[in-house]
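K.L.:
need a 3D model of the sequence below.
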Amino acid sequence: MPMAFVLIDAHAGRVREIINGLKKIKGVVEAYGVTGPHDIVVKIQLERFENIAETVSQKIHKLEGIKNTLTMFTFERIP
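P.N.:
Just a heads-up that it's a prediction; the model follows:
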């Protein structure tokens, strides 16, 4: 099943609110607040890569408090 990781930059103090919103979006299987250059890492799995792209652009981007996202589609899992 197609999968992507999305790195999210959040406005100050909005991480918990964004993660709560992410939990309600179909295809979001994991979401973590993280340290480093980004604030949140999200794992998305859906039936098609196109569905993931639509979810990021039409649902995730509409959540309040998000400054920027970076989407990384996966192609191969190395055990």
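
K.L.:
since we're on the residue nearest to residue 46 when sequence neighbours are not counted, how many residues are nearby?
P.N.:
Counting by CB to CB, 6 or more residues apart in numbering, residue 46 lies nearest to residue 27, which is 4.2 Å off, once chain neighbours are set aside. All C-beta atoms are positioned from the backbone trio N, CA, C, and that covers glycine. The local packing of residue 27 (other CB atoms under 10 Å) involves 21 other residues.

K.L.:
show me where this structure has strands.
P.N.:
Counting by DSSP state E, the chain has strands at residues 3-10, 28-33, 40-45, 66-73.

K.L.:
save the ones you listed as TSV, and put in mean pLDDT too.
P.N.:
Formatted as TSV, these follow (pLDDT from 0 to 100):
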stretch	mean pLDDT
strand 3-10	98
strand 28-33	98
strand 40-45	98
strand 66-73	97
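
K.L.:
dump these to JSON lines, plus distance to residue 60.
P.N.:
Converted to JSON lines, the strands of the chain look like this (distance: least, CB to CB, whole Å):
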{"stretch": "strand 3-10", "distance to residue 60": "7"}
{"stretch": "strand 28-33", "distance to residue 60": "8"}
{"stretch": "strand 40-45", "distance to residue 60": "7"}
{"stretch": "strand 66-73", "distance to residue 60": "6"}
